[in-house]
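# Build me a structure from this.
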Amino acid sequence: MTYRYRPLATALAVLALLSAAACGGGSEQGSVPMPASGRSGPSEIAPPRDGDDRAASRGRATTRAGEAEEPADTDSAETSESAESSAAPEAERSHDTAAEQISTFSLDVDTASYGYSRRLLGEGRWPEAGQVRPEEFVNSFAQDYAEPEDDGFVVHMDGARTPGNGTALLRVGLQTRGTDAESRRPANLTFVVDVSGSMGEPGRLDLVREALHRLVDQLGPGDRVSVVAFSEAAEVVLPMTPATEKDRLHAAVERLAVQQSTNLEAGLTQGYDEAAASFRPAAVNRVVLLSDGLANTGDTTWQGILDRVAEAAGKKITLLCVGVGRDYGDELMEQLADNGDGAAVYVGSADDARKVFVEQLATNLDLRARDAKAQVVFNPSAVTSYRLIGYENRRIAAGDFRDDAKDGGEIGPGHSVTALYEVRLRDGASGQLATATVRWQDPDTRAPAEASRSLGARDLAASLWEGAAPRFQVDVVAAGFAEYLRTRERIAGVAPADLVSHATRLAASTEDPAVTELAGLIKQAVALD
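Alright, predicted model coming up:
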């Protein structure tokens, strides 16, 4: 893969390294002022963006499966090459720090890839390579990062040496402060429910009703709900209604019934029209799409749908995609979430519905940060090369990190985001290895802020499986499992059978049922291979 020389990127790298070195490796720096110490003043706040500007900044939408749109920013070589990088051999995806010291990506809290892969493996089916995204596997598991005291982020970094020729794994963890249902801001929710023929699969629409009933029961007096159903056409089942009228809401959910074909465009158009008509500036305005993502009527080329979603996101109406069904349009649902400033989750059981709409309600509905991005600057005197595991379709050019017109990820309260890097160290590497910085905008004022942390060679655990934190090890197992499913490559030289034993051991030490389930899934995959 060829990379262009970027003077701005190099200058940023040098400045970041000098700044971090002055503070000392391994020290946490908290919220960084913009540009000097604290948040930006009013004159530095990015102006409001309309939907057209926002859509143009993305460069990652597709017109139909497998057909990539021209990137909006022709200088973003990393973005335009990312779709090919996931299929490239590991050596081709490594970045030489002499040529490229900076890794930049927008944050992602999607977990649908892991949820759907879990469903497929449980049915004895192997997921397709394009359906497996390692970052979504990792971010499906609980972390133990400390929360910040304010409404921003705290940055966590750790790492461990791995068997091999001077290799190590680094972990970058980003965490927002959690909240409870009583403390979150009120929500205007527009449910857009797929009632097409494909939803007639036994238990599929029943699961959607179960999820909606659970959500309605959790809503507070300041929340409001509308319901739109779509098949060949779309209809408003219930206009925007106060959540206190729970009987009306539950009755509307029960009226949902399977009909004909899937006109996803009509459903989202009607849903966003309803959301816009009832928009409340002080509330979270969100469309919640519940669908199998298998559009077959209306605009099925995707681009018109994605453009409409991106335009609405620019007007602060965000999207939560809830996927269901044995056959699932994973790629479309993921891109809808990306363009709609939201997240994609997959619900395969009543237990999944409980987690998404009860346990994680505030996290999935409220916002802590808009357009959040991460940047990791590697020290070329200590690190010869690096590889970011996953995030292929979230990578952005280094120069876009502080361009607040460029799109990032939307992050809710209590969310953790984890990124893993494989690095090759120089012989006798010492001092600082890397500095990670997260940049975001306040969801209301759009004021930008940053937080950073550095990692030194002395901070590395001597052994991944003996000295690293248990949750770090779980992350490595999850990422290793994803790489095995999509490329058959190994992370840290760990064979699939070893992943099973590590997951089994970690399930006991963490007492986490999700890790126990992970061990079982890896066993199933090995048996199918």
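# Where in the protein is the helix or strand with the lowest mean pLDDT?
The least trusted helix or strand in the chain, going by mean pLDDT, DSSP states H and E, turns out to be strand 62-64, with a mean of 34.
# Give me the most central residue, the protein.
Closest residue to the average C-alpha location of the chain: Asp108 at 2.0 Å, with CA atoms, centre = their mean.
# Surely that residue forms part of a helix?
No: going by DSSP: H, G, I helix; E, B strand; the rest coil, the assignment for Asp108 is coil, not a helix.
# Looking at it now. What's its pLDDT?
With respect to pLDDT, Asp108 scores 89.
# list the contacts for it?
Counting by CB atoms under 8 Å, 6 or more residues apart in numbering, Asp108 touches 135-136, 139, 338, 391, 394, 409, 417. Every C-beta, even on glycine, is put in place using the N, C-alpha and C of the backbone.
# Just the ones of those residues in helices?
Among the contacts of Asp108, DSSP state H puts 135-136, 338 in helices.
# possible to save the residues you listed as JSON lines with neighbour count?
Converted to JSON lines, the ones in helices among the contacts of Asp108 look like this (neighbours: other CB atoms under 10 Å):
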{"residue": "Glu135", "neighbour count": "29"}
{"residue": "Glu136", "neighbour count": "28"}
{"residue": "Asp338", "neighbour count": "27"}
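# Make JSON lines out of the residues you listed and add pLDDT and distance to Val358.
Output for those, formatted as JSON lines (pLDDT from 0 to 100; distance: CB to CB, whole Å):
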{"residue": "Glu135", "pLDDT": "98", "distance to Val358": "25"}
{"residue": "Glu136", "pLDDT": "97", "distance to Val358": "21"}
{"residue": "Asp338", "pLDDT": "91", "distance to Val358": "26"}
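# and of these, the nearest to Ser117?
Ranked by distance to Ser117 (CB to CB), the ones in helices among the contacts of Asp108 are led by Glu136 at 8.9 Å.
# Can you get me a residue count around the nearest residue to the closest one once chain neighbours are set aside?
Sequence neighbours aside, Ser113 is the residue nearest to Glu136 in space, at 3.8 Å (criterion: CB to CB, 6 or more residues apart in numbering). When counting by other CB atoms under 10 Å, one arrives at 27 neighbours for Ser113.
# ok, the residue lying closest to Asp180 once chain neighbours are set aside to Gln218 distance?
Once flanking residues are discounted, Asp180 sits nearest to Ala362: 6.4 Å by CB to CB, 6+ apart. Noted for Ala362: a distance of 9 Å to Gln218, by CB to CB, to the nearest Å.
# show me what contacts Gln143?
Contacts of Gln143 by CB under 8 Å, 6+ apart are 173, 175, 416, 418, 471, 475.
# Surely the residue nearest to Glu136 forms part of a helix?
Yes: Ser113 sits within a helix when classified using three-state DSSP.
# so which strand or helix has the residue nearest to Asp180?
Using DSSP states H and E, Ala362 sits in helix 361-365.
# Pull the distance from that helix to the chain's centre.
Relative to its chain's centre, helix 361-365 lies at 14 Å (CA atoms, centre = their mean, to the nearest Å).
# Who does the helix or strand just after that helix pair with, and is each partner parallel or antiparallel?
Sequence-wise, the next helix or strand downstream of helix 361-365 (DSSP H and E) is strand 369-378. If you go by DSSP bridges, strand 369-378 pairs up with strand 102-106 (antiparallel), strand 409-411 (antiparallel), strand 432-441 (antiparallel).
# how far is strand 369-378 from where the chain is centred?
With CA atoms, centre = their mean, you get 13 Å for strand 369-378.
# Can you tell me which helices and strands the helix or strand just after it packs against?
Per DSSP H and E, the first helix or strand lying C-terminal to strand 369-378 is strand 383-388. With contacts taken as 3 or more CB pairs under 8 Å, 6 or more residues apart in numbering; DSSP states H and E, strand 383-388 sits against strand 95-96, strand 102-106, strand 369-378, strand 416-425, strand 432-441.
# what angle separates the last one from strand 383-388?
Think strand 432-441. Relative orientation of strand 432-441 versus strand 383-388 (axes from the mean of the first three to the mean of the last three CA atoms, to 10 degrees): 40 degrees.
# Report the mean confidence score over strand 432-441.
98.
# Please save the CA atoms from that strand in CSV.
Taking Å, rounded to 0.1, in the frame of the first residue of the first chain, the C-alpha atoms of strand 432-441 are listed here in CSV:
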residue,chain,number,x,y,z
GLN,A,432,7.7,6.9,25.1
LEU,A,433,6.0,4.6,22.6
ALA,A,434,2.8,6.5,21.7
THR,A,435,0.4,9.2,22.7
ALA,A,436,-3.3,8.8,22.2
THR,A,437,-5.7,11.8,22.0
VAL,A,438,-9.5,11.9,21.7
ARG,A,439,-11.2,15.0,20.3
TRP,A,440,-14.9,15.6,20.6
GLN,A,441,-17.6,18.3,20.5
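# which strands and helices sit next to whatever helix or strand comes next after it?
Counting by DSSP H and E, the next helix or strand C-terminal to strand 432-441 is strand 448-456. Applying 3+ CB pairs under 8 Å, 6+ apart, we find strand 448-456 packed against helix 7-23, strand 28-32, strand 153-162, strand 432-441.
# roughly how far is strand 448-456 from the heart of the chain?
20 Å.
# And stretch 254-266, by the same measure?
28 Å.
# Quick one: end-to-end length of that stretch, please.
Using CA to CA, to the nearest Å, one end of stretch 254-266 lies 22 Å from the other.
# Next, the buried residues of that stretch.
For stretch 254-266, burial by neighbour count (16 or more other CB atoms under 10 Å) applies to 256, 259, 261-266.
# could I get the residues you listed as CSV with pLDDT and distance to Gly130?
Shown next, in CSV, are the buried residues of stretch 254-266 (pLDDT from 0 to 100; distance: CB to CB, whole Å):
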residue, pLDDT, distance to Gly130
Leu256, 94, 31
Gln259, 87, 30
Ser261, 83, 25
Thr262, 82, 21
Asn263, 88, 25
Leu264, 90, 20
Glu265, 89, 23
Ala266, 92, 27
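# which among the contacts of Gln143 gets closest to Asp404?
For the contacts of Gln143, the closest approach to Asp404 (CB to CB) belongs to Gln175, at 22.0 Å.
# how far away is the closest residue to that closest one other than its chain neighbours from Val216?
In this structure, Gln175 finds its nearest non-sequential neighbour in Tyr145, 3.9 Å apart by CB to CB, 6+ apart. The gap separating Tyr145 from Val216 is 32 Å, by CB to CB.
# Could you dump the ones in helices among the contacts of Asp108 into TSV with distance to Ala457 added?
Below are those laid out as TSV (distance: CB to CB, whole Å):
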residue	distance to Ala457
Glu135	25
Glu136	30
Asp338	36
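# Please identify which of these is nearest to Thr487.
So of these, ranked by how close each gets to Thr487 (CB to CB), first place is Glu135, at 14.5 Å.
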